[in-house]
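# Coordinates for the following, if possible.
(one chain, ligands or ions: 1)
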Amino acid sequence: MTQKLFEKYNLSGLELKNRMAMAPLTRCRAINGNIPNEIMAKYYEQRAGAGLIIAEGTSPSPNGLGYTNIPGIFNKQQAEKWKLTTNAVHKKGGKIFLQMMHTGRVGHNDNLPEGGKVIGASAIAQNGEIKTYSGERKAYPIPYVLSTEEVKDCINEYIESAKLCVEAGFDGVEIHSAHGYLPNQFINATSNQRTDEYGGNIENRCKFVLEIAQKMCKAIGNEKVSIRISPFSYADGGIEEQEIIDTYLYLVKELDKLDLAYLHLSHMGEPQEVKFQLWKKIRTIYKGTLMLCGDFNKETAEKALQENQCDLVAFGRDFIANPDLVERFKNNWQLAERNRTEWYGNGASGYTDYPFYKTK
Ligand code: PHB
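Now for the predicted structure:
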């Protein structure tokens, strides 16, 4: 039986050399004013063996830089510096999308540049604490609530940012609507109690992300737009099971109309049967390219492809420690250990210093 994992794939006209994607991973190496740099370009270049790289969550707005040292793509300087990465990856024959991540209420004012604000759909703080530049962990603040007009401005920031992504040489954009980030904050009634057109019923709560997706398709082309969602993630705590199912079946039906590059389903945390049942249902109603992510290994990924559960599989943590993950899978070489301590910042250490596999 031929292995599907290493087959080429036509992603809306973009030829991927295999069906393995590198998942978007927050690495906090944009240490100089949230501007991408040489070391980041090297890191992605090393991983260009992936069929598709989805570069880390990057903010479309000064308001969305809620974590320390994450990159932005909302001005020309950032776009210019992202070219280091896109050129390096393309030179190696790789393809690369950028994940657009707005932290919304999952951020802290201490981490934002001057003039930036922690914003949200409603005045409801995220539970817990967040690391700030001083090293101190602080409680998440109550976000500033966007007016209806400001919601529209925020949507426009995504669109302007998408244009910069194209200028920077990215093959496409992934809208991060998973894991409790801003679009997810609009989707969930636990963080969205608005009474305008962006709150209330499922349709209204999905409007924010659907407008972003629709406008982005018009601005840069539907074949360059994709989206990541995570039904039943940790962000969906306190929400009824049926509500989650109804919400995502509605959202996916609407996304299906847009003919996007792909839909990305992410699983982080507990493997719940209800989540995987919903994934199967989504596969039957979403006609375009489907990517799955979460705890896959070579065998389970191959099985998912053979069973037609999806078209592409994304790998996250294994790509951190194994820049040549595709070659290791192909040759059945041993994988390097996942070392969590240096995931979120520490320069080149634990970032670009993972060796390629050496055959004796
Ligand atoms: C993280 O930094 O832990 C993180 C970022 C983005 C995600 C999930 C986790 O989608």
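
# In its sheet, which strands sit next to the longest strand along the chain, and in what direction?
Of all the segments of type strand in the chain, defined by DSSP state E, the longest one is strand 52-58. Strand pairing for strand 52-58, determined by DSSP bridges: strand 20-22 (parallel), strand 96-100 (parallel).

# could you dump that strand to PDB, C-alpha only?
This file holds the C-alpha atoms of strand 52-58, laid out as PDB (Å, rounded to 0.1, in the frame of the first residue of the first chain):
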ATOM      1  CA  LEU A  52       3.200  23.300   4.400                       C
ATOM      2  CA  ILE A  53       4.600  25.400   7.200                       C
ATOM      3  CA  ILE A  54       2.000  27.400   9.100                       C
ATOM      4  CA  ALA A  55       4.100  30.000  10.800                       C
ATOM      5  CA  GLU A  56       3.400  31.000  14.400                       C
ATOM      6  CA  GLY A  57       0.500  33.100  15.700                       C
ATOM      7  CA  THR A  58       1.200  36.700  14.600                       C
END
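
# Please list the residues outside it that contact it.
If you take C-beta atoms under 8 Å, 6 or more residues apart in numbering as the criterion, strand 52-58 is touched by 11, 16, 21-27, 44, 47, 70-73, 85, 89, 94-101, 170-171, 174, 176, 181, 264, 312, 314. For the C-beta atoms, the positions are set from N, CA and C on the backbone; glycine is no exception.

# rerun that using 7 Å as the cut-off
11, 16, 21-27, 44, 47, 70-73, 85, 89, 94-101, 174, 176 (C-beta atoms under 7 Å, 6 or more residues apart in numbering).

# need the contact list for the nearest residue to Ser161 once chain neighbours are set aside.
Closest residue in space to Ser161, ignoring its immediate chain neighbours: Pro60 at 3.3 Å, by C-beta to C-beta, 6 or more residues apart in numbering. Pro60 makes contact with Ile73, Phe74, Met100, His102, Glu157, Tyr158, Ser161, according to C-beta under 7 Å, 6+ apart.

# Secondary structure element for the last one, which one?
Ser161 is part of helix 148-167, with elements assigned from DSSP states H and E.

# just the angle between that helix and strand 96-100, please?
Going by axes from the mean of the first three to the mean of the last three C-alpha atoms, to 10 degrees, helix 148-167 is angled at 160 degrees with respect to strand 96-100.

# For the next helix or strand after helix 148-167, which strands pair with it and how are they oriented?
For helix 148-167, the following helix or strand on the C-terminal side (DSSP H and E) is strand 172-176. Here strand 172-176 has these sheet partners by DSSP bridges: strand 96-100 (parallel), strand 225-229 (parallel).

# got a list of contacts for the helix or strand just after strand 172-176?
Helices and strands here follow DSSP H and E; after strand 172-176, the next one along the chain is helix 182-187. Helix 182-187 has contacts (C-beta under 7 Å, 6+ apart) with 64, 102-105, 120-121, 175, 177-178, 191-192, 198, 205-206, 208-209, 212, 235, 247.

# How about stretch 85-96?
By C-beta under 7 Å, 6+ apart, stretch 85-96 touches 14, 16-17, 36, 40-41, 44-45, 48, 50, 52-53, 55, 168-171.

# And for stretch 189-203?
105, 120-122, 124, 148, 151, 185-186, 204-205, 207-208, 238-239, 246-247, 250.

# hmm, back to that, now, which of the contacts of strand 52-58 lie close to the ligand?
Residues shared between these and the neighbourhood of the ligand are Thr26 [C-beta under 6 Å from any ligand atom].

# Tell me which other helices or strands the helix holding Ser161 touches.
Secondary-structure packing of helix 148-167 (3 or more C-beta pairs under 7 Å, 6 or more residues apart in numbering; DSSP states H and E): strand 96-100, helix 202-220.
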